[in-house]
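>>> Kindly generate the corresponding structure for this input.
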Amino acid sequence: MKKAIIFGITGQDGSHLADLLLEKEYEVVGVSRRASTDNTQRIKHILSNENFYLMQGDITDAYSVINIFKKHSNVDEIYNLAAQSHVAVSFKQPALTWDITGKGCLNILQSIVDLGIDARFYQASSSEMFGRNYDIDRSQNKFQNEDTKFMPQSPYAIAKCAAHYMTTLFREAYGIHSSAGILFNHEGERRGETFVTRKITKWIGDWVKSGKDLNFPKLRLGNLEAFRDWGYAGDYVEAMWMMLQQDSPQDYVICTGKTHTIREFLDVAFLHVGMEDWSDLVVQDPEFYRPAEVDYLRGDCSKANKILGWTPKHSFEDLVKKMVEHDVS
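Next comes the predicted model:
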């Protein structure tokens with residue numbers, strides 16, 4: 001039986017990845033930071049699984065990471081999904097974001113080297129690293145792939161760039177089987193309620209439950225014209241696992257190859273509950289604009305298609321419908 005450690009087990013991706021690995025008959029060790037309130041909502045359904053073990057740890061503390069590996073030195077795969085992952089919060093808490101998202105990755109990699117851990121490592125990189133930069137194909141379509149230069153536009157993206165480059169360095173310097181997945185926006189019913197997609201579907205669910213009261217407090221959002229390449233998180237964790245099954249470690253863009261605005265997301269979400277004109281229900285609030293906006297993200301995952309054999313299973317419409325139905329029910 002293979003053994004995997006997942007840092008960031010209580011997040012959206014961590015919970016989906018744990019489901020996948022348990023289905024593949026792995027022993028899974030989930031690591032989460034200690035919290036005074038219950039933060040295990042996303043993994044409640046696996047807490048009683050005999051092949052799952054939850055332990056406390058903090059990747060900002062190198063000694064904590066070392067102790068985890070000393071206890072589980074026979075690990076086969078290590079997934080770093082832990083991060084302060086909210087872009088807007090990173091502007092308000094840049095040092096914390098750096099410690100968790102950037103330095104945390106270094107603590108894991110250095111511990112692997114220092115303890116001689118013979119395991120494969122996955123780093124969760126982000127499309128936010130591209131920032132405002134993109135390439136243009138012969139048909140004048142904008143895109144980002146593994147060769148597109150990074151131009152980070154937030155403390156979060158800068159910290160992710162540092163972790164990404166550290167993953168590459170340790171692969172080349174120490175021969176670690178370390179791969180980074182440059183994941184474009186991936187959402188779902190387990191997404192945190194402060195992220196724009198879940199904020200929308202959760203508001204719609206509450207509004208429907210109110211009887212579609214037209215006096216219901218309006219949905220307050222920022223830039224509705226930002227383009228994002230949205231996929232389903234459950235599909236994307238499969239790509240993470242596939243990367244660590246390859247003989248050679250490499251970095252891969254994971255995406256759908258299609259882009260939609262937040263306005264389009266609103267169109268599909270509201271239409272699913274029978275509302276064609278949502279303009280009187282939504283307010284654009286300057287509070288939710290980023291200090292530095294990323295206007296356009298559309299990935300090209302040809303490399304993952306070719307080498308991993310990975311393709312997304314859910315369309316944009318499937319994703320939005322899945323999230324709305326979850327929050328309305």
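
>>> so when I look at Asn305, I'm seeing a helix, right?
Yes. Under DSSP: H, G, I helix; E, B strand; the rest coil, Asn305 sits within a helix.

>>> so who does Glu287 touch?
Under the criterion of CB atoms under 8 Å, 6 or more residues apart in numbering, the neighbours of Glu287 are Arg220, Gly222. In short, each C-beta sits where N, CA and C put it, glycine included.

>>> Ok, Phe121 next?
With contacts taken as CB under 8 Å, 6+ apart, Phe121 has the following neighbours: 77-80, 108-109, 112, 167, 170, 176-179, 244.

>>> Quick check: the gap between it and Phe69.
Going from Phe121 to Phe69 by CB to CB, to the nearest Å gives 12 Å.

>>> Please enumerate the shared neighbours of those two.
Taking CB under 8 Å, 6+ apart as the contact rule, the neighbours common to Phe121 and Phe69 are Ile112.

>>> how about the strands in the stretch 201-329 of the chain?
When secondary structure is read from DSSP state E, counting those that start in this stretch, the stretch 201-329 of the chain shows strands at 219-221, 227-228, 231-232, 252-254, 260-261, 282-284.

>>> The ones you listed: which one's closest to Leu308?
strand 252-254 (6.7 Å; CB to CB).

>>> Who are the packing partners of that closest one?
strand 178-183, helix 233-243 (3 or more CB pairs under 8 Å, 6 or more residues apart in numbering; DSSP states H and E).

>>> where does Ser125 fall, phi/psi-wise?
Geometry field for Ser125 lists phi and psi as phi -90, psi 180, criterion degrees, to the nearest 10.

>>> before we move on, what about Ser248?
Dihedral angles of Ser248 (phi, psi; degrees, to the nearest 10) stand at phi -110, psi 130.

>>> Out of the strands of the stretch 201-329 of the chain, flag the one nearest Thr40.
For these, the distance to Thr40 is smallest for strand 231-232, at 22.3 Å, taking CB to CB.

>>> how far out from the middle of the chain is that closest one?
For strand 231-232, the distance from its own C-alpha centre to the chain's C-alpha centre is 10 Å (CA atoms, centre = their mean, to the nearest Å).

>>> Give me the sheet partners of that strand and which way each runs.
Using DSSP bridges, the strands paired with strand 231-232 are strand 186-187 (parallel).

>>> what's in contact with the partner strand?
Residues from elsewhere that reach strand 186-187 (CB under 8 Å, 6+ apart): 13, 195, 197-198, 230-233, 235-236, 254, 319, 323.

>>> From those, which one has the minimum pLDDT?
Minimum pLDDT for these is recorded at Phe195 (92).

>>> now it: how far from Asp247?
Distance of Phe195 to Asp247, computed by CB to CB: 35 Å.

>>> Helices of the chain, start to end?
For the chain, the helices defined by DSSP state H occupy 12-23, 62-71, 87-92, 94-97, 104-115, 155-174, 196-209, 233-243, 262-271, 302-303, 316-328.

>>> buried residues in the last one?
For helix 316-328, a neighbour-count test (16 or more other CB atoms under 10 Å) marks Phe316, Leu319, Val320, Lys321, Lys322, Met323, Val324, His326, Asp327, Val328 as buried.

>>> Now do the phi/psi pair for the nearest residue to Ser127 once chain neighbours are set aside.
For Ser127, ignoring the flanking residues on the chain, the nearest one in space by CB to CB, 6 or more residues apart in numbering is Phe184 at 4.2 Å. Here is the backbone geometry of Phe184 (degrees, to the nearest 10): phi -80, psi 170.

>>> show me the contacts for Phe184.
The neighbourhood of Phe184, defined by CB under 8 Å, 6+ apart, consists of Ser127, Arg228, Asp229, Trp230, Gly231, Val253, Ile254, Cys255, Thr256, Leu297, Arg298, Gly299.
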